[in-house]
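Participant: give me the fold of what follows.
(2 chains)
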2 protein chains.
Amino acid sequence: MNDALKNKILLAHGGGGRLTNNLITSRILPKFGNEILAELQDSASIELDSASVCFTTDSYTVKPLFFNGGDIGKLAVCGTINDLAVAGAKPVALSLSLIIEEGFGLDVLDKILASAAKAASEAGVCIVTGDTKVVETGAADGIFINTSGLGTKLPGTNLSFAQIEPGDKIIINGTIGDHGMTIMSQREGIKFESLLKSDCASVAPLTCKILENPDGFKFMRDPTRGGLSATLNEITAATGHSMKLIENNIPVNPSVQAAADMLGFDLLNIANEGKVVIVTAPDTADKVLDLCKTHPLGTDAAIIGQIVASEDMPIVEVITKVGGSRIVQMPYGREFPRIC
Amino acid sequence: MNDALKNKILLAHGGGGRLTNNLITSRILPKFGNEILAELQDSASIELDSASVCFTTDSYTVKPLFFNGGDIGKLAVCGTINDLAVAGAKPVALSLSLIIEEGFGLDVLDKILASAAKAASEAGVCIVTGDTKVVETGAADGIFINTSGLGTKLPGTNLSFAQIEPGDKIIINGTIGDHGMTIMSQREGIKFESLLKSDCASVAPLTCKILENPDGFKFMRDPTRGGLSATLNEITAATGHSMKLIENNIPVNPSVQAAADMLGFDLLNIANEGKVVIVTAPDTADKVLDLCKTHPLGTDAAIIGQIVASEDMPIVEVITKVGGSRIVQMPYGREFPRIC
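Facilitator: Numbers count the residues shown, from 1 in each chain, chains lettered A, B, ... in the order given. Predicted structure coming up:
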């Protein structure tokens, strides 16, 4: 083999033959090694604790691949774990499927896989099955990763839109917009990008802790693409109830705010990757807030608003810092390609 | 919106905002409509019959997107179902995750989704969770699809390499190379491409039927990328046993053979998408063969060889049509990018 090609992904790495096997056994298995994956069967065989499961999927196309606070590997693991966590599940197993552009550096791939493996290990989740495809140069942008996740439902949890009612409190576990503004700032090359750091993290340790006593919990969702605006508008659309937020109560990192102001973005529309929006009964809210604040994933947690009866169309209303009122709409979605 | 853009995928379709919602509610949900998916939760919530599950994933990058006998949508559903089926599972639920290039035709997307929905419905499998990402023009080649699959293990099945021993018979349920040669012929534009048709199909109806009585069944695998050569070499490598095939017994469609001869390919290396290699105890083989032959997915089934004790290194040996012998190696994998 040509020396220049030795350290690159080749089309044959995805051909299902000898080079695919080499890639899997020399670079992938050692990082994710667990008994189930090591069997290299067509499907992973798993004995779950319960037949009540949660199942989710996400493809990750984030650009740049590496950003302050994470990379596509960590993001792909944490993002999918979070979708299980907010559904009230204990994450158990992930799949990992790679689409790689021919010529991609094997050293870069190694870093991404190591990061994914570390994130999975820290979350106590096994990557049990996978796939690798290679497409020719120009047919993909570096690497895309899909992870799907399997979890078992935590006992006693019954999270659903249907439970939400006027008076319920809305809690978030920390500052908003950190992930999206980190990505956008790196892309735009703004000066203080080094002050920004993605919040990319698995929220499962926090959600599982909270759900040890699930009384009063109505709903959780992670405000990723589309930011808090999208998540809150999804809740009002699904429940028919409105929502009143207090802007002063929404935690924001000042550097993130400065970057958003400079680039002209509304932080409510900006993606988060380590946040969870929690809707609880009013008498449970303070307990949850305390629980969040004593957990490393929730030190900046706050009650940011409440569900209110809808007069006409359900809306998300924000009481602004100066005491005015504005309506937060579902973002159109155009400004933020490849944020996750 | 510009009229020319009305029928195309835009970056905003992947932004997690209003346009993403429109795409999901107007084009995706109606095709895959089921109660679980319709809840649009972060994770699908499923009550399984059993806590013994199989979990698998595959990304599909096939080129061209449409081919005689199928398309990327059908392939993505059948391929993942097959990975569950050969593991001895009853396929239950699939995820469907799209990475789409900006500018991709909405009409083409509709056709692909409709085809995926039809394949899932025919297999009795629900698509319960999904994701849509859009990347800018030039960052992907049209559309890539990931499906992950969840199934429950069929009772009494215990398929594994460890059970395979000398004397066991090797059965395939029909002709080899149809999928790969259809794709390659369409790409090369060879004259008789219209005679070729991919075998793209879900083999679960056949494998579930066979496993109603699992006695004597040792192992199954679908010979996709890398073809029969890769699958058989994986078996010899994992078991340490060798294998003797009778070339005359391997079912081949004459048009597929002609295309392979013309393009210079060994059909043993060519991908299949509706085939299963079955290893059974010798006294079960005839029963399985009869069962295959009376099933629509196995009319051309044949016993193609047997496991033999390994003298030195485990090898896959083929007794050729003229009575000679050749060794079939694991293909390198270079010749067949984007076959699935």
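
Participant: so what's the residue most central in space within chain A closest to, chain neighbours aside?
Facilitator: The centre of chain A sits closest to A:Gly79, judged by C-alpha atoms, centre = their mean, with a distance of 2.9 Å. Using C-beta to C-beta, 6 or more residues apart in numbering or on different chains and skipping residues adjacent in sequence, the residue nearest A:Gly79 is A:Asp58, 5.4 Å away. C-beta: built from backbone N, CA, C; applies to glycine.

Participant: could I get the buried residue list for stretch A:154-165?
Facilitator: Residues of stretch A:154-165 classed as buried: A:Leu154, A:Thr157, A:Leu159, A:Ser160, A:Phe161, A:Ile164 (neighbour count, 16 or more other C-beta atoms under 10 Å in any protein chain shown).

Participant: quick one: mean pLDDT for that stretch?
Facilitator: Across stretch A:154-165, pLDDT averages out at 93.

Participant: check which helix or strand A:Ser45 maps to.
Facilitator: According to DSSP states H and E, A:Ser45 maps onto strand A:44-47.

Participant: partner strands of that strand, parallel or antiparallel?
Facilitator: Partner strands for strand A:44-47, per DSSP bridges, with pairing direction: strand B:52-60 (antiparallel).

Participant: about what we covered before: so the residue nearest to the centre of chain A sits right up against A:Val62, yeah?
Facilitator: No. In this structure, A:Gly79 is not within contact of A:Val62 by C-beta atoms under 8 Å, at 9.5 Å.

Participant: helices of the stretch 1-150 of chain A, start to end?
Facilitator: With DSSP state H, counting those that start in this stretch as the criterion, the stretch 1-150 of chain A has helices at A:18-23, A:29-32, A:35-38, A:72-85, A:106-122.

Participant: got those helices as JSON lines, with mean pLDDT and distance to B:Lys169 columns?
Facilitator: Formatted as JSON lines, these follow (pLDDT from 0 to 100; distance: least, C-beta to C-beta, whole Å):
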{"stretch": "helix A:18-23", "mean pLDDT": "90", "distance to B:Lys169": "26"}
{"stretch": "helix A:29-32", "mean pLDDT": "93", "distance to B:Lys169": "31"}
{"stretch": "helix A:35-38", "mean pLDDT": "88", "distance to B:Lys169": "28"}
{"stretch": "helix A:72-85", "mean pLDDT": "98", "distance to B:Lys169": "41"}
{"stretch": "helix A:106-122", "mean pLDDT": "97", "distance to B:Lys169": "39"}
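
Participant: A:Val256 is nearest to which of these?
Facilitator: Nearest of the helices of the stretch 1-150 of chain A to A:Val256, taken as C-beta to C-beta: helix A:72-85 at 17.7 Å.

Participant: now that closest one - C-alpha only, PDB.
Facilitator: Taking Å, rounded to 0.1, in the frame of the first residue of the first chain, the C-alpha atoms of helix A:72-85 are listed here in PDB:
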ATOM      1  CA  ILE A  72     -18.800  14.400  17.400                       C
ATOM      2  CA  GLY A  73     -18.000  11.100  19.300                       C
ATOM      3  CA  LYS A  74     -18.900  12.400  22.700                       C
ATOM      4  CA  LEU A  75     -21.900  14.200  21.300                       C
ATOM      5  CA  ALA A  76     -23.200  11.100  19.600                       C
ATOM      6  CA  VAL A  77     -23.000   9.100  22.800                       C
ATOM      7  CA  CYS A  78     -24.400  11.800  25.100                       C
ATOM      8  CA  GLY A  79     -27.100  13.000  22.800                       C
ATOM      9  CA  THR A  80     -28.700   9.600  22.400                       C
ATOM     10  CA  ILE A  81     -28.300   8.800  26.100                       C
ATOM     11  CA  ASN A  82     -30.100  12.100  26.800                       C
ATOM     12  CA  ASP A  83     -33.100  11.100  24.600                       C
ATOM     13  CA  LEU A  84     -33.400   7.900  26.700                       C
ATOM     14  CA  ALA A  85     -32.900   9.800  30.000                       C
END
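
Participant: distance from the chain centre to it, please.
Facilitator: In terms of C-alpha atoms, centre = their mean, to the nearest Å, the centre of helix A:72-85 is found 5 Å from the chain centre.

Participant: domain parsing for chain A?
Facilitator: Domain segmentation of chain A under automatic domain parsing yields A:42-153, A:161-327.

Participant: now do the helices in the stretch 201-340 of chain A.
Facilitator: Along the stretch 201-340 of chain A, counting by DSSP H, counting those that start in this stretch, helices occupy A:204-210, A:227-239, A:254-263, A:285-293.

Participant: B:Pro282 is nearest to which of these?
Facilitator: Closest among these, once you apply C-beta to C-beta, is helix A:204-210, at 49.3 Å.

Participant: follow-up on the earlier one: tabulate the helices of the stretch 1-150 of chain A (CSV), appending distance to B:Val128.
Facilitator: Putting the helices of the stretch 1-150 of chain A into CSV (distance: least, C-beta to C-beta, whole Å) gives the following:
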stretch, distance to B:Val128
helix A:18-23, 29
helix A:29-32, 25
helix A:35-38, 22
helix A:72-85, 13
helix A:106-122, 23
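
Participant: closest to A:Asn213 out of those?
Facilitator: helix A:72-85 (16.2 Å).

Participant: got the angle between the closest one and helix A:106-122?
Facilitator: 30 degrees (axes from the mean of the first three to the mean of the last three C-alpha atoms, to 10 degrees).

Participant: list the helices and strands helix A:72-85 packs on?
Facilitator: strand A:52-60, strand A:89-101, helix A:106-122, strand A:143-153, helix A:204-210 (3 or more C-beta pairs under 8 Å, 6 or more residues apart in numbering or on different chains; DSSP states H and E).

Participant: so can I have CSV of the ones you listed showing distance to B:Gly149?
Facilitator: Shown next, in CSV, are the helices and strands packed on helix A:72-85 (distance: least, C-beta to C-beta, whole Å):
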stretch, distance to B:Gly149
strand A:52-60, 10
strand A:89-101, 9
helix A:106-122, 20
strand A:143-153, 9
helix A:204-210, 23
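
Participant: switch the ones you listed over to JSON lines; also include mean neighbour count and distance to B:Ile143.
Facilitator: What follows is these, written out as JSON lines (neighbours: other C-beta atoms under 10 Å in any protein chain shown; distance: least, C-beta to C-beta, whole Å):
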{"stretch": "strand A:52-60", "mean neighbour count": "26", "distance to B:Ile143": "11"}
{"stretch": "strand A:89-101", "mean neighbour count": "26", "distance to B:Ile143": "11"}
{"stretch": "helix A:106-122", "mean neighbour count": "19", "distance to B:Ile143": "23"}
{"stretch": "strand A:143-153", "mean neighbour count": "27", "distance to B:Ile143": "12"}
{"stretch": "helix A:204-210", "mean neighbour count": "22", "distance to B:Ile143": "31"}
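
Participant: quick one: closest of these to B:Leu289.
Facilitator: That would be strand A:89-101 among the helices and strands packed on helix A:72-85, by C-beta to C-beta, at 34.0 Å.

Participant: so the closest one versus strand B:89-101, what angle?
Facilitator: Going by the same axes, to 10 degrees, strand A:89-101 makes 50 degrees with strand B:89-101.

Participant: output strand A:89-101 as PDB, nothing but the C-alphas.
Facilitator: Listed next in PDB are the C-alpha coordinates belonging to strand A:89-101 (Å, rounded to 0.1, in the frame of the first residue of the first chain):
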ATOM      1  CA  ALA A  89     -35.400   5.400  31.100                       C
ATOM      2  CA  LYS A  90     -32.100   4.000  32.400                       C
ATOM      3  CA  PRO A  91     -29.800   4.000  29.300                       C
ATOM      4  CA  VAL A  92     -28.500   0.400  28.800                       C
ATOM      5  CA  ALA A  93     -27.000   0.000  25.300                       C
ATOM      6  CA  LEU A  94     -26.100   2.000  22.300                       C
ATOM      7  CA  SER A  95     -25.400   1.200  18.700                       C
ATOM      8  CA  LEU A  96     -22.700   3.200  16.800                       C
ATOM      9  CA  SER A  97     -22.800   3.500  13.000                       C
ATOM     10  CA  LEU A  98     -20.100   5.400  11.100                       C
ATOM     11  CA  ILE A  99     -20.300   6.900   7.600                       C
ATOM     12  CA  ILE A 100     -16.800   8.000   6.700                       C
ATOM     13  CA  GLU A 101     -15.400   9.800   3.700                       C
END
